[in-house]
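Student: Give me coordinates for this.
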Amino acid sequence: MKRLVCLCVALGFALSAHAEVVVLKDGRKFEGTVSESKDAIELKASGATLTFPKDAVETRLKDLDELLKSARSKRSEGERQHKEVVIPATPATRSLACEAALKLLQEAYKDYDTARRSFPWKQYEYLEKDLAAIAETIKAVRGLCGGDTECARAEARYREKADAAGTKPDVHFELAFWCERASLNDLARHEYFKVLSIEPDHAETRERLGQIKHAGRWMCREEKAL
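Tutor: Numbering: from 1, shown residues only. Model prediction:
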């Protein structure tokens with residue numbers, strides 16, 4: 001990211017708090033305010049406007065704080081809902097609070113996961129700690145939900161499928177995809193990494209995680225472009 005900032009300053013571009021970095025397939029990088037039409041990406045910075053065909057763009061990186069703005073809000077509200085679950089309540093109230101907390105926390109987890117994939121470099125490793133902390137809160141809420149809730153039933157189905165998956169990478173891959181559709185985002189991530197622990201070169205899983213193979217090793221598209 002430091003190299004991106006230096007490059008943009010060298011080009012005379014003003015850095016915006018909510019700027020995006022546009023990485024082209026030829027390796028060039030530009031930062032500014034981005035808009036898009038059907039076939040093109042338009043970037044504005046320091047009064048200049050650049051237009052790129054969409055098929056020339058490798059990826060777009062949002063400002064990390066902007067990317068996480070909504071995620072932090074969801075996480076905070078989900079944790080507040082978690083506290084309400086802990087407070088003694090009727091089963092109906094507890095169930096509603098559980099569902100609300102889990103929905104927010106799963107959405108926050110997905111957003112943090114997206115941020116981590118978009119910013120794979122070492123200085124952003126703290127995002128892994130955030131993901132682990134959110135996953136622990138999700139686990140705690142699940143433990144309070146009881147068996148007669150939608151989230152509990154979905155997790156029970158996941159456990160059954162996971163027990164039957166054995167060590168077959170393709171089965172775990174399908175299970176990860178099922179978890180995503182069921183909004184079990186923390187378990188989906190767990191299953192994708194389970195696949196890679198069995199078969200490190202599982203191409204479909206690498207692609208789902210936003211990775212490509214370059215010079216004999218797997219890396220994020222953003223990492224290759226930089």
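Student: separation between the closest residue to residue 25 other than its chain neighbours and residue 142?
Tutor: If the residues on either side of it in the chain are set aside, residue 25 comes closest to residue 58, at 4.7 Å by CB to CB, 6 or more residues apart in numbering. Bear in mind the C-beta positions are built from the backbone N, C-alpha and C, glycine included. Distance, residue 58 to residue 142, by CB to CB, to the nearest Å: 38 Å.
Student: pLDDT-wise, which helix or strand of this structure ranks last?
Tutor: Every helix and strand of the chain was ranked by mean pLDDT, DSSP states H and E. The lowest is helix 2-10, at a mean of 38.
Student: Can you list the helices and strands that the helix or strand containing the residue nearest to residue 25 packs against?
Tutor: Of the helices and strands defined by DSSP states H and E, residue 58 is found in strand 57-62. Here strand 57-62 touches strand 20-24, helix 221-225, going by 3 or more CB pairs under 8 Å, 6 or more residues apart in numbering; DSSP states H and E.
Student: pLDDT at the closest residue in space to residue 157 that isn't next to it in sequence, what is it?
Tutor: Nearest residue to residue 157, sequence neighbours excluded (CB to CB, 6+ apart): residue 182, at 7.7 Å. The per-residue pLDDT reported for residue 182 equals 88.
Student: roughly how far is stretch 121-136 from the heart of the chain?
Tutor: In terms of CA atoms, centre = their mean, to the nearest Å, the centre of stretch 121-136 is found 11 Å from the chain centre.
Student: Run through who's touching the helix or strand encompassing residue 177.
Tutor: Element membership for residue 177 (DSSP H and E) is helix 169-181. Residues from elsewhere that reach helix 169-181 (CB atoms under 8 Å, 6 or more residues apart in numbering): 158, 161-162, 164-165, 185, 187-189, 191-192, 194-195, 198-199, 202, 204-205, 208.
Student: What subset of those residues is buried?
Tutor: 158, 161-162, 165, 185, 187-189, 191-192, 194-195, 198, 202, 205, 208 (16 or more other CB atoms under 10 Å).
Student: Which of the residues you listed sits closest to residue 92?
Tutor: residue 158 (24.6 Å; CB to CB).
Student: And the lengthiest helix in the chain, what's buried?
Tutor: Across the chain, the longest stretch assigned as helix under DSSP state H is helix 91-118. Under the neighbour-count criterion of 16+ other CB under 10 Å, helix 91-118 has 94-116, 118 buried.
Student: circling back to that earlier point, the helices and strands packed on strand 57-62: lowest mean pLDDT?
Tutor: Comparing mean pLDDT across the helices and strands packed on strand 57-62, the weakest is helix 221-225, with a mean of 55.
Student: tell me how far the ends of stretch 20-28 are from each other?
Tutor: 14 Å (CA to CA, to the nearest Å).
Student: just how off-centre is that stretch within its chain?
Tutor: Centre to centre, stretch against its chain (CA atoms, centre = their mean), the figure for stretch 20-28 is 21 Å.
Student: quick one: the residue nearest to residue 25 and residue 21 touch, right?
Tutor: No - using CB atoms under 8 Å, residue 58 is not in contact with residue 21, being 10.7 Å away.
Student: Give me the more crowded residue out of those two.
Tutor: residue 21 (24 against 16; other CB atoms under 10 Å).
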